[in-house]
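Trainee: predicted model and sequence follow; I will ask about them next.
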Amino acid sequence: MSFAEQLSHLQAFLDADELHDEALDYVAAHGYLTALSICPDRVPEREWIDALFAEPPHYRSDAEREEIEATLVQLQAHIARQLASDDDPELPCALDLGDDPDDSDLRGWCIGFMEGVFLREAAWFDDAEDEVSELLLPIMVGSGLFEEQAEFAEIANDRDLVDSMVEQIPELLTALFLLFNAPEEKPALLKPRHH
């Protein structure tokens with residue numbers, strides 16, 4: 001089975017109604033795996049797979065479980081390779097929240113990404129809190145998870161600002177990836193040296 005076929009099986013599985021309400025659908029899972037690929041702490045596979053589904057799905061067979069989990073692991077590796085390449089990463093959805101942000105795929109992707117961040121929140125913010133917060137801002141805005149907070153509500157009301165922010169997401173992902181994963185000796189600008 002080709003990777004494309006595996007992905008379409010995975011998509012059908014994650015987008016099915018049988019999964020737990022809090023399980024991530026395919027687009028949200030892609031955001032989640034992107035966050036895990038950037039995260040400075042490696043999260044064990046078993047932990048992130050269990051968190052993705054919220055509770056164990058009802059697989060038809062052990063073979064199906066193995067196939068779904070293996071495809072998730074491959075998809076994460078694929079996303080990590082994209083992030084490490086010179087090209088902007090591709091999202092599985094348009095960079096647009098549309099007329100009804102709550103129904104948009106991009107909102108789902110951003111929520112999934114933030115779920116990945118929440119798994120190891122301290123690791124994200126330990127070393128460069130201001131820089132990371134700034135880079136994450138468009139994803140946080142896109143997720144709609146923070147609209148209770150005044151500054152987020154204010155941004156959310158400015159559609160042009162929101163649109164321009166979410167369009168930057170692919171390049172921000174690359175910047176976050178480099179911030180956490182670039183070799184120490186090259187970007188002296190990015191990381192303070194510890195003497």
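Mentor: Everything's here; your move.
Trainee: now do stretch 78-94: distance from first to last residue.
Mentor: In stretch 78-94, first residue to last residue: 19 Å (Cα to Cα, to the nearest Å).
Trainee: tell me the buried residues in that stretch?
Mentor: Residues Ile79, Ala80, Gln82, Leu83, Pro89, Leu91, Pro92, Cys93 are the ones in stretch 78-94 that count as buried (16 or more other Cβ atoms under 10 Å). Just so you know, the C-beta spots here come from the backbone N, C-alpha and C atoms, and that holds for glycine as well.
Trainee: equivalent analysis for stretch 2-12, please.
Mentor: Buried residues in stretch 2-12 (16+ other Cβ under 10 Å): Gln6, Leu7, Leu10, Gln11.
Trainee: could you find the closest non-adjacent residue to the last one?
Mentor: Going back to what we said before, that points to Gln11. Tyr26 (4.2 Å; Cβ to Cβ, 6 or more residues apart in numbering).
Trainee: in what helix or strand does Glu5 lie?
Mentor: Taking DSSP states H and E as the criterion, Glu5 maps to helix 3-14.
Trainee: and that helix, what does it pack against?
Mentor: The contact analysis (3 or more Cβ pairs under 8 Å, 6 or more residues apart in numbering; DSSP states H and E) places helix 3-14 against helix 26-38, helix 62-84.
Trainee: got the contact list for it?
Mentor: Outside helix 3-14, the residues that touch it by Cβ atoms under 8 Å, 6 or more residues apart in numbering are 1, 23-26, 29, 57, 64, 67-68, 70-72, 74-75, 78.
Trainee: mind redoing it with 7 Å?
Mentor: Outside of helix 3-14, the residues that reach it under the criterion Cβ atoms under 7 Å, 6 or more residues apart in numbering are Leu24, Asp25, Tyr26, Ala29, Glu67, Ile68, Thr71, Leu72, Gln74, Leu75.
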